[in-house]
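Undergrad: The sequence and its predicted three-dimensional model are supplied below.
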Amino acid sequence: MTTSKPKRVLLANPRGYCAGVDRAVITVEKALETYGAPVYVRKEIVHNKYVVETLRDRGAIFVDETDEVPEGALVVFSAHGVSPAVHEQAANRNLRTIDATCPLVTKVHNEARRFARDDYDILLIGHEGHEEVEGTAGEAPDHVQLVDTAEDAAKVEVRDPSKVVWLSQTTLSVDETMVRVKQLRERFPEMQDPPSDDICYATSNRQVAVKTMAPDCDLVLVVGSKNSSNSVRLVEVALQYGAKAAYLVDYAKEVDESWLDGVGTIGVTSGASVPDILVMDLLAMLEKRGWDDVELVTTANERITFQLPRELKRDLQQVANS
Ligand code: SF4
């Protein structure tokens, strides 16, 4: 006789929206309220399908580059940050800009500028083609080299091994980054660390929660979009830490019924750009199939918030005073 496993859900806490995403999404919402539609946004404001579609319905127009924005119009820069060249292009087209770059990405930009000023070789650990990496590298193109793969780390050359620093994208796997750093340090023993962690609190906290619950999970479901670096990392971390299976879904309807066969414990989490309504939809879908016992796995309490961009705050204040 076969006995089925008890059905339960382990719900990660923290999960979902981080302070930088919250700020970026509110920035576009407030810009639409204050200036009216359309509001142009360069790239996806955050890497989440639902958020982008919802803002598009409200009048945001997402473009790839500033030359698609009409002269003189308003454009919001996304949470992932932009290089100085993009600011310059916007100024040349007389665009009004609101910069929703996450302050923790700006911190990495500042580090890149500072080490470049001191003539360091900067080894930027990150994923080739990711917008954030393009923005950070653009701060010091003559000093930054991207290190994505183990091969890159084995090949990269520097001018002076005593004047090297590594920096990183904010949304990487903490463990994999440390592997890359170790590899680089074997080649460049004097390589400096970033002044403070570049992988942000939200990325690492979400990974810690998944590491804690993964060993108990037959299946981990991560709500997030495929182009969201931190969401994709959560799937990888779940598998590395013992989940028998793990999948990324934008919406509950994307869960394949076959994934649930023979499963007892399901871990649920979401990337830093995911509104919790999507997680609630997933829990409701699982409840209908018998997973109604939900246990919270809390590994950190986040209280960080960021102020809205200065240029938007100023205009909101003017509207309030008028
Ligand atoms: S994931 Fe981290 S760096 Fe990216 S927006 Fe959120 S807090 Fe900022």
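TA: Received, thanks.

Undergrad: contacting residues around whichever residue of the chain sits closest to the ligand?
TA: The ligand sits closest to Gly20 of the chain, with a gap of 2.5 Å, by C-beta to the nearest ligand atom. Every residue, glycine included, has its C-beta placed from N, CA and C. Neighbouring residues of Gly20 by C-beta atoms under 8 Å, 6 or more residues apart in numbering: Ala79, Cys102, Pro103, Leu104, Val105, Cys200, Ala202, Ala272, Phe306.

Undergrad: quick one: contacts for the fourth one?
TA: Spelled out, it's Leu104. Counting by C-beta under 8 Å, 6+ apart, Leu104 has contacts Gly20, Thr170, Cys200, Tyr201.

Undergrad: still on that earlier bit, any idea how far the host helix or strand of the residue of the chain closest to the ligand is from the middle of the chain?
TA: Element membership for Gly20 (DSSP states H and E) is helix 19-35. Helix 19-35 sits 17 Å away from the centroid of its parent chain (C-alpha atoms, centre = their mean, to the nearest Å).

Undergrad: Check the model's average confidence along that helix for me.
TA: Averaged over helix 19-35, pLDDT sits at 97.

Undergrad: got the buried residues for it?
TA: By neighbour count on 16 or more other C-beta atoms under 10 Å, the buried set for helix 19-35 is 19-25, 27-32, 35.

Undergrad: Burial check on Ala252, number of neighbours?
TA: By other C-beta atoms under 10 Å, 18 other residues sit near Ala252.

Undergrad: So it versus Leu11, what's the distance?
TA: 14 Å (C-beta to C-beta, to the nearest Å).

Undergrad: How about Leu74?
TA: Relative to Leu11, and taking C-beta to C-beta, Leu74 is found at 39 Å.

Undergrad: Ok, Gln318 next?
TA: Distance, Gln318 to Leu11, by C-beta to C-beta: 42 Å.

Undergrad: Repeat that for Leu308.
TA: Separation of Leu308 from Leu11 (C-beta to C-beta): 30 Å.

Undergrad: Which stretches in the stretch 1-150 of the chain count as strands?
TA: Listed in chain order, the strands of the stretch 1-150 of the chain (DSSP state E, counting those that start in this stretch) span residues 8-13, 39-42, 60-63, 74-77, 96-99, 121-125, 144-147.

Undergrad: Neighbours of the residue lying closest to Thr298 once chain neighbours are set aside, how many?
TA: In this structure, Thr298 finds its nearest non-sequential neighbour in Asn13, 4.4 Å apart by C-beta to C-beta, 6 or more residues apart in numbering. Neighbour count of Asn13, defined by other C-beta under 10 Å: 17.
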